[in-house]
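*Asks:* Generate coordinates for the sequence data below:
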Amino acid sequence: GEDLVAEFYDHLDRVRRAAEAASSSRPRVLLLEWLDPPFDGGHWVPEQIEAAGCVPARNAAGGRSTGLSWAEVEAADADVVLVACCGFDLQRNVMDAV
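*Replies:* Numbers count the residues shown, from 1 in each chain. You can find the predicted model right below:
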């Protein structure tokens with residue numbers, strides 16, 4: 001288990017370095033983990049957004065996922081909105097996002 005954890009953190013560090021080198025801009029990202037009602041990604045999702053070289057549009061690292069109104073989604077003023085509904089496969093996420 002310890003080797004797997006070390007490998008994960010090594011990979012995460014490489015992703016961070018690559019994201020920093022790739023761009024000087026840091027887009028604001030809102031990840032929606034549910035659409036009806038909309039829920040923003042909390043817990044570890046903001047850290048993943050930051051590791052990719054972006055800025056979370058709403059939650060801080062460690063915060064809980066929260067239900068939103070569509071007006072709050074718009075007010076987040078995200079450059080990018082990702083739809084990654086918890087428990088759904090790619091096909092279902094695409095269907096719900098369109």
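*Asks:* Can you check the pLDDT for residue 23?
*Replies:* Note on residue 23: pLDDT of 69.
*Asks:* and the helix or strand where residue 33 lies, what does it pack onto?
*Replies:* Assigned by DSSP states H and E, residue 33 belongs to strand 28-35. Under the contact definition 3 or more Cβ pairs under 8 Å, 6 or more residues apart in numbering; DSSP states H and E, strand 28-35 sits against strand 38-40, helix 45-51, strand 55-56, strand 80-83. Where C-beta positions appear, they are placed from N, C-alpha and C, glycine not excepted.
*Asks:* so what strands line up beside the last one?
*Replies:* Based on DSSP bridges, the strands next to strand 80-83 in the sheet, each with its direction, are strand 28-35 (parallel).
*Asks:* any weak-confidence spans in the protein?
*Replies:* Within the chain, the stretches with pLDDT under 70 are 23.
*Asks:* about what we covered before: show me what counts as buried in the strand holding residue 33.
*Replies:* Applying a neighbour-count criterion of 16 or more other Cβ atoms under 10 Å, the buried positions in strand 28-35 are 28-34.
*Asks:* CA atoms only for the longest helix anywhere in the chain - export them in CSV, please.
*Replies:* Across the chain, the longest stretch assigned as helix under DSSP state H is helix 2-22. What follows is helix 2-22 as a C-alpha-only set of coordinates in CSV (Å, rounded to 0.1, in the frame of the first residue of the first chain):
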residue,chain,number,x,y,z
GLU,A,2,2.8,2.5,0.9
ASP,A,3,4.4,2.1,-2.6
LEU,A,4,1.1,2.7,-4.3
VAL,A,5,0.5,5.9,-2.2
ALA,A,6,4.0,7.1,-3.0
GLU,A,7,3.5,6.4,-6.7
PHE,A,8,0.2,8.4,-6.6
TYR,A,9,1.8,11.4,-5.0
ASP,A,10,4.7,11.3,-7.5
HIS,A,11,2.3,11.2,-10.4
LEU,A,12,0.3,14.1,-8.9
ASP,A,13,3.5,16.1,-8.5
ARG,A,14,4.4,15.5,-12.2
VAL,A,15,0.9,16.7,-13.2
ARG,A,16,1.3,19.9,-11.1
ARG,A,17,4.7,20.6,-12.7
ALA,A,18,3.4,20.0,-16.2
ALA,A,19,0.4,22.2,-15.7
GLU,A,20,2.6,25.0,-14.3
ALA,A,21,4.9,24.7,-17.3
ALA,A,22,2.1,24.5,-19.9
